[in-house]
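>>> the sequence and its predicted three-dimensional model are supplied below.
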Amino acid sequence: MNVLTKASVFLQTSSAGIYRPGDYHGFEAAGRPYLYLASAGAVFEIDTAVRTLLNHVEGGGLSHEGLLAALAGDGKPSAEAEDMIRELLQVRVIENGEASPLAHPEAPPADFPLQALVLNVTNQCNLACTYCYEFGADKIATPQGKPKYMTKETARASVDLLLNESGGRNAVHITFFGGETLMNFPLLRDVLDYANAQAAALNKTITFSLTTNATLLTDPIIDFLSENEVGVTVSIDGPAEIQNRHRVYRSGKGSYEVIEPKLRKLIATHKTRAVTARVTLTEGVTDVVGIYRHLKDELGFHEIGFAPVTNSGDRDYAIDGGGMDAVLAGFHALADEWLDYALRGELHGFTNVSETIGELIQGVNKSHPCGAALGLMGVSPSGDLSPCHRFTDADTHTMGHVSSGIDRASQKDFLDRGHVEAKYDCQSCWARPLCAGGCHHEAFVRYGDTGHANLHYCDWIREWTDRCLHIYGEVAVRNPAFLEHFAARKGL
């Protein structure tokens with residue numbers, strides 16, 4: 001946890017300016033006052049003197065002389081008051097209309113090195129989930145006439161591209177995705193062996209993960225995943241009555257009864273990497289605590305993360321306002337548990353808190369919502385490159401091919417529109433360092449523009465970020481060593 005200290009460079013104050021609150025979000029944790037500076041993506045503990053000054057400024061606009069007089073009334077000598085005002089102007093905690101605003105995060109360079117590829121090894125799936133962004137009503141993919149399964153040649157070319165474009169990175173990552181990933185498991189075996197050999201030849205390390213609906217898991221596959229340290233994320237929505245509502249076969253039959261014994265075997269056998277669950281929340285599927293209890297306590301998943309369904313806004317499975325209130329109530333209940341665990345020095349498993357805490361520790365100040373088209377790109381079965389796996393097989397979002405490389409013009413256009421500075425609605429939002437406007441794919445589905453801010457989630461994001469800031473502050477004061485668990489978390 002940082003403490004606000006005197007800035008090394010001061011700005012000239014002026015009696016002409018009126019002081020007002022700046023670019024920050026104030027909160028208290030463990031009985032101590034903090035500021036989250038949006039311009040820096042940093043958390044600072046503040047002392048009584050700074051809190052007093054902010055109380056004056058927050059109470060209404062004050063001139064320079066008025067603020068000095070107020071501070072003098074609090075017993076602050078004039079010279080110290082001047083220094084404090086200049087310092088807080090410098091870091092944009094207060095503003096007077098004359099200080100130059102701090103720059104937004106710079107756009108990454110055009111040759112920003114790749115860190116990960118998501119290989120869509122097939123665009124086929126054995127389920128017909130009613131809300132699927134890839135095959136459902138809001139799909140943007142155009143797979144007609146394209147290969148249904150990635151070939152060995154395309155997969156190996158993908159590995160070569162990743163290693164060639166990784167620059168000075170010593171470690172890179174491949175995620176296997178679908179459709180249903182395990183429908184092309186033989187390719188996964190080949191890619192893993194090839195990638196390990198190629199990375200070793202370049203003195204690089206490579207790690208692997210996959211996402212699956214778990215219906216095709218077998219004992220040999222489970223053993224392979226564990227022996228090769230492949231991280232596994234399972235797309236699952238909860239116990240049978242919830243899972244079988246949307247995650248169904250084409251016949252309409254639910255999938256829970258098929259996957260439940262396979263999941264127990266996977267979790268019991270796979271000991272080299274954490275097995276995580278990814279839950280899609282939809283209308284009527286908002287009992288976050290109940291779902292968490294089943295997945296964590298009954299099935300044994302190591303971590304569980306939740307996300308509302310992506311949709312254009314008028315689907316019958318979209319969550320309405322009341323549903324979002326229920327989701328947030330569940331999030332807060334699990335956040336309470338997460339904090340209790342942390343103060344005892346124990347890991348809880350609610351990913352939505354853990355990931356935000358990791359970003360706060362790193363001082364993340366995002367230029368873009370995620371690593372799409374930056375450190376990460378998606379590869380379709382045909383070898384087309386896309387910003388991420390959610391844009392796979394969408395002709396309007398192709399960014400080159402594994403055989404010819406990245407289309408830098410398309411990449412630049414995507415990143416220019418997605419930069420937080422290009423999103424007007426984000427400029428006054430204190431949560432922008434962690435959000436940067438939200439998911440590109442969500443924006444395209446909802447607004448038709450990958451660079452549009454996800455306005456339908458703004459209030460929710462701010463409330464949730466505020467809650468995680470409070471947790472961070474509490475743990476930083478009462479059990480700071482626990483935060484070391486999350487210091488190394490890297491989000492693309």
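Ah, there it is.
>>> so what's the residue count around Ile406?
Residues within reach of Ile406, counting by other Cβ atoms under 10 Å, total 19. For every residue, glycine as well, the C-beta is placed using N, CA and C.
>>> what sits against it?
By Cβ atoms under 8 Å, 6 or more residues apart in numbering, the contact set of Ile406 is Glu165, Met377, Leu385, Met399, Gly400.
>>> also Lys271?
Per Cβ under 8 Å, 6+ apart, neighbours of Lys271: Ser226.
>>> do the one 5 residues further on as well
Neighbour list for Thr276: Gly231, Val232, Thr233, Val234, Phe301, His302, Glu303, Ile304, Gly305, Thr351 [criterion: Cβ under 8 Å, 6+ apart].
>>> and with 6 Å instead?
Residues in contact with Thr276 (Cβ atoms under 6 Å, 6 or more residues apart in numbering) are Thr233, Glu303.
>>> what's the following helix or strand after whatever helix or strand Leu53 lives in?
In this assignment (DSSP states H and E), Leu53 forms part of helix 48-58. The C-terminal neighbour of helix 48-58 among helices and strands, as given by DSSP H and E, is strand 62-63.
>>> so the following helix or strand past that next one versus helix 48-58, what angle?
Using DSSP H and E, the helix or strand that follows strand 62-63 in sequence is helix 64-73. Helix 64-73 and helix 48-58 meet at an angle of 140 degrees, taking axes from the mean of the first three to the mean of the last three Cα atoms, to 10 degrees as the criterion.
>>> can you give me the buried ones in helix 64-73?
Neighbour-count burial for helix 64-73, counted by 16 or more other Cβ atoms under 10 Å, picks out His64, Leu67, Leu68, Ala70, Leu71.
>>> which of the contacts of Ile406 lies closest to Phe414?
Comparing the contacts of Ile406 against Phe414 with Cβ to Cβ places Met399 closest, at 7.2 Å.
>>> wait, that closest one touches Gln411, no?
Yes - contact between Met399 and Gln411 holds when scored by Cβ atoms under 6 Å: they sit 5.3 Å apart.
>>> overlap in contacts of these two?
Common neighbours of Met399 and Gln411 (Cβ under 6 Å, 6+ apart) do not exist.
>>> between the two, which has more neighbouring residues?
Met399 (22 against 19).
>>> what's the distance between the more buried one and Leu385?
5 Å (Cβ to Cβ, to the nearest Å).
>>> what of Thr310?
21 Å.
>>> got it, and Ser251?
Distance from Ser251 to Leu385, by Cβ to Cβ: 35 Å.
>>> looking at those two, which is more packed in?
Leu385 (26 against 7).
>>> and the helix holding Leu53, what does it pack onto?
strand 18-21 (3 or more Cβ pairs under 6 Å, 6 or more residues apart in numbering; DSSP states H and E).
>>> mind running it again at 8 Å?
strand 18-21, helix 64-73, helix 78-90, strand 94-95 (3 or more Cβ pairs under 8 Å, 6 or more residues apart in numbering; DSSP states H and E).
>>> quick one: buried residues of that helix?
Val50, Thr52, Leu53, Leu54, His56, Val57.
>>> identify the residues contacting that helix?
With Cβ under 8 Å, 6+ apart, helix 48-58 has contacts from 4, 19-21, 26, 33, 46, 62, 67, 70-71, 74, 76, 84-85, 88, 93-94.
>>> in what helix or strand does Val43 lie?
Counting by DSSP H and E, Val43 is found in strand 42-45.
>>> and that strand, average pLDDT?
For strand 42-45, mean pLDDT is 95.
>>> low pLDDT regions in the protein?
Applying pLDDT under 70 to the chain picks out residues 1-16, 98-103, 488-492.
>>> in it, where's the longest helix?
helix 321-343 (DSSP state H).
>>> and the angle from the very next helix or strand once past that helix to helix 321-343?
Using DSSP H and E, the helix or strand that follows helix 321-343 towards the C-terminus is helix 351-362. Calculated by the same axes, to 10 degrees, helix 351-362 forms an angle of 60 degrees with helix 321-343.
>>> quick check: Leu71 vs Leu37, distance?
21 Å.
>>> still on that earlier bit, nearest to Val289, out of the helices and strands packed on helix 48-58?
Using Cβ to Cβ, those put strand 18-21 closest to Val289, at 36.0 Å.
>>> tabulate the CA atom coordinates of the closest one in PDB.
The C-alpha coordinates for strand 18-21 follow below in PDB (Å, rounded to 0.1, in the frame of the first residue of the first chain):
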ATOM      1  CA  ILE A  18     -11.200  27.600  -8.300                       C
ATOM      2  CA  TYR A  19     -10.300  24.400  -6.500                       C
ATOM      3  CA  ARG A  20     -12.500  21.300  -7.000                       C
ATOM      4  CA  PRO A  21     -12.200  17.600  -6.300                       C
END
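>>> quick one: name whatever helix or strand follows it.
strand 24-29.
>>> and that following strand, what's buried?
Here strand 24-29 shows Tyr24, His25, Gly26, Phe27, Ala29 as buried, counting by 16+ other Cβ under 10 Å.
>>> ditto for stretch 195-214
Neighbour-count burial for stretch 195-214 [16+ other Cβ under 10 Å]: 195, 198-199, 204, 206-214.
>>> touching, Gly41 and Cys435? I think so.
No - the criterion here is Cβ atoms under 8 Å, and Gly41 misses it with Cys435 at 10.9 Å.
>>> overlap in contacts of those two?
Lys366.
>>> other residues contacting the longest helix of the chain?
281, 283-284, 286-289, 292, 306, 308, 319, 347-348, 350, 352-354, 460, 463-464, 467-468, 471, 474-475, 478-479, 482.
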